[in-house]
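**Q** need coordinates for the below:
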Amino acid sequence: MRIGKIRMGMVGGGQGAFIGEVHRMASRLDGRVDLVCGAFGSTPERSRASGKALGVPAERVYGDYKEMFKAEAKLPEDERMHFVSIVTPNSTHFEVAKAALKHGFHVMSDKPATFSLSEARQLKRLVEKSGLQYGLTHNYTGYPMVKEARDRVLKGKLGEVRKIVVEYPQGWLSTDLEREGVKQADWRTDPARAGISCCMGDIGTHAENLAEYVTGLRITELCADLSTFVPGRKLDDDGSVLLRFENGARGLLHASQVSAGEENGLNLRVYGTRGGLKWEQPNPHRLVLLTQGKPMQVLTPGVDNGYLSKAALHNCRVPAGHPEAFLEAFANLYRNYADALAARLAGKKPKALDLDFPTIEDGVRGMAFLETVVKSGASKQKWLKMPKV
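**A** Predicted coordinates:
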């Protein structure tokens with residue numbers, strides 16, 4: 001069976017939504033995916049206006065996701081969407097994903113996977129029962145040099161991992177933007193739509209996912225200190241977490257949205273018995289390698305770099321000297337997801353490199369981390385064990 005382009009529907013991401021356009025750009029970068037339908041707004045009118053602006057045929061623009069899934073499922077197999085991209089506020093992720101799976105559609109969701117750990121566990125069971133493909137856009141794992149870092153750690157080139165430090169400082173919520181009508185600030189600081197956390201839920205989970213992805217180690221215990229610095233804000237805007245990993249390694253995770261002047265300073269450092277490495281998002285094309293007693297090395301990406309791992313090269317698009325960044329990393333998740341899905345639809349086994357994208361397992365671990373952090377931050381006990389997922 002020959003599979004052409006993978007057909008995508010979208011829920012959310014209408015006019016004025018930042019992340020929706022990022023998903024659309026990422027999905028079309030490699031020419032693997034076509035946006036064919038959507039329920040783009042919180043009202044039918046907004047959805048139609050957004051669909052028109054995006055050039056989606058009027059008959060494939062729907063008033064809400066329930067209408068979309070029902071109508072798309074009735075279309076011929078060679079016409080209906082293959083998967084849905086969910087880019088709505090956190091509180092709706094579970095219900096949209098659940099409905100998509102029920103109607104037989106594969107899912108790619110913005111993170112977090114769900115509003116709570118309970119929902120995440122339910123969703124995991126639904127995904128497993130359906131046999132459908134589920135992806136989660138922890139997009140920072142898509143950078144070629146992040147994949148190179150993971151390859152080197154997992155092959156033991158750093159020795160036994162002892163210390164992991166991951167930070168994500170931002171400054172954009174240093175003032176009460178939610179009271180100024182800024183849409184992105186408004187829902188992220190609202191417990192009804194964002195959940196139990198703002199800062200840790202929004203960016204702290206990215207840091208957690210990056211640390212576990214690169215090292216292959218799972219967090220087993222943590223001790224958190226959460227703060228809300230802006231008066232009147234209902235959720236945290238800063239936090240620090242001490243970490244213990246399954247092999248005995250120790251770590252520190254710092255996330256802040258009130259680090260005034262910072263942009264998106266996500267960075268990771270991993271130290272083992274033989275050496276270490278450093279990666280930072282503002283310079284994502286550089287991976288610094290450290291070896292005890294020797295000068296540091298700096299690796300850069302490029303399709304013509306023979307010293308990189310297969311995983312890194314698989315996610316490079318251009319020759320060395322042409323830095324690849326945020327959108328390309330995001331696009332790597334969509335490309336891998338689409339290629340894995342194309343193989344499945346053709347009755348073939350997906351290649352291992354194409355299966356390199358976050359899944360529902362990452363979504364459940366992210367919610368387990370978040371709920372444990374919030375409990376620890378409010379507890380006098382402090383050190384809490386991560387629940388099994």
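**Q** please save the CA atoms from stretch 146-154 in CSV.
**A** The C-alpha trace of stretch 146-154 is given here as CSV (Å, rounded to 0.1, in the frame of the first residue of the first chain):
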residue,chain,number,x,y,z
VAL,A,146,20.5,17.0,22.0
LYS,A,147,20.2,13.7,20.2
GLU,A,148,24.0,13.6,20.0
ALA,A,149,24.2,14.3,23.7
ARG,A,150,21.8,11.4,24.4
ASP,A,151,23.8,9.1,22.2
ARG,A,152,27.1,9.8,24.0
VAL,A,153,25.6,9.4,27.4
LEU,A,154,23.8,6.2,26.6
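**Q** next one: that stretch to chain centre, how far?
**A** Centroid separation for stretch 146-154 versus its chain: 18 Å, with Cα atoms, centre = their mean, to the nearest Å.
**Q** any residues touching that stretch, and which ones?
**A** Under the contact criterion Cβ atoms under 8 Å, 6 or more residues apart in numbering, stretch 146-154 has outside partners 140-141, 158, 161, 210, 213-216, 268, 270, 272, 277, 279, 284, 287, 289, 299, 301, 308-312, 314-315, 329, 356. In this view, the C-beta of every residue, glycine as well, is placed from N, C-alpha and C.
**Q** in strands only, show me the residues you listed.
**A** Applying DSSP state E to the contacts of stretch 146-154, the entries found in strands are 161, 268, 270, 272, 277, 279, 287, 289, 299.
**Q** bridged to the second one, which residues?
**A** So that's Leu268. Leu268 has these beta-bridge partners by DSSP bridges: Val166, Trp279.
**Q** next one: the fourth one
**A** Beta-bridge pairing of Gly272 under DSSP bridges involves Val161.
**Q** which intervals of this structure have sub-threshold pLDDT?
**A** Judged by pLDDT under 70, the chain has its weakly predicted residues at 1-2.
**Q** circling back to that earlier point, are any of the contacts of stretch 146-154 buried, and which?
**A** 140-141, 158, 161, 210, 213-215, 268, 270, 272, 277, 279, 284, 287, 289, 299, 301, 308-309, 311-312, 314-315, 329, 356 (16 or more other Cβ atoms under 10 Å).
**Q** contact partners for Gly13?
**A** With Cβ under 8 Å, 6+ apart, Gly13 has these contacts: 19-21, 23-24, 38, 40, 50, 85, 87-88.
**Q** which one is it nearest to, not counting chain neighbours?
**A** What sits nearest to Gly13 in space, not counting adjacent residues and going by Cβ to Cβ, 6 or more residues apart in numbering, is Gly20, at 2.0 Å.
**Q** same thing with Lys310?
**A** Leu353 (6.7 Å).
**Q** cool, and Cys37?
**A** Per Cβ to Cβ, 6+ apart, closest to Cys37 is Arg60, 3.8 Å.
**Q** what about that neighbour, how many residues nearby?
**A** Look at Arg60: counted by other Cβ atoms under 10 Å, it has 19 neighbours.
**Q** one more: Met200?
**A** Met200: 30 neighbours (other Cβ under 10 Å).
**Q** before we move on, what about Phe229?
**A** 13.
**Q** is it true that it lies in a strand?
**A** No: judged by DSSP: H, G, I helix; E, B strand; the rest coil, Phe229 forms no part of a strand; its state is coil.
**Q** touching, it and Gly239? I think so.
**A** No: under the criterion of Cβ atoms under 8 Å, Phe229 is not in contact with Gly239, lying 10.9 Å apart.
**Q** residue nearest the centroid of this protein?
**A** Note on the chain: the residue nearest the mean C-alpha position is His138, at 1.5 Å, using Cα atoms, centre = their mean.
**Q** and that one, what does it touch?
**A** Contacts of His138 (Cβ under 8 Å, 6+ apart): 111, 205-206, 209-210, 213, 358, 362, 366.
**Q** repeat for Pro350
**A** Counting by Cβ under 8 Å, 6+ apart, Pro350 has contacts 339-341, 343-344.
**Q** possible to save those as CSV with secondary structure?
**A** Below are the contacts of Pro350 laid out as CSV (three-state DSSP):
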residue, secondary structure
Asp339, helix
Ala340, helix
Leu341, helix
Ala343, helix
Arg344, helix
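**Q** and those, which are buried?
**A** Here, 16+ other Cβ under 10 Å leaves 339-341, 343-344 buried among those.
**Q** list the buried ones in stretch 258-275?
**A** Those would be 258-259, 262, 265-272, 275, for stretch 258-275 by 16+ other Cβ under 10 Å.
**Q** looking at the residues you listed, spot the one nearest Lys102.
**A** Leu266 (35.3 Å; Cβ to Cβ).
**Q** next, count neighbours for the residue nearest to Lys70 when sequence neighbours are not counted.
**A** Sequence neighbours aside, His103 is the residue nearest to Lys70 in space, at 7.1 Å (criterion: Cβ to Cβ, 6+ apart). By other Cβ under 10 Å, 18 other residues sit near His103.
**Q** for the one 10 residues further on, same thing?
**A** Summarising burial for Ala113: neighbours were counted as other Cβ under 10 Å, giving 32.
**Q** run through the residues that contact the residue nearest to it when sequence neighbours are not counted.
**A** Closest residue to Ala113 apart from its sequence neighbours, by Cβ to Cβ, 6+ apart: Gly363 at 2.7 Å. Shown in contact with Gly363 (Cβ under 8 Å, 6+ apart): 109, 111-114, 120, 123-124, 134, 136.
**Q** many thanks, I have nothing further to ask.
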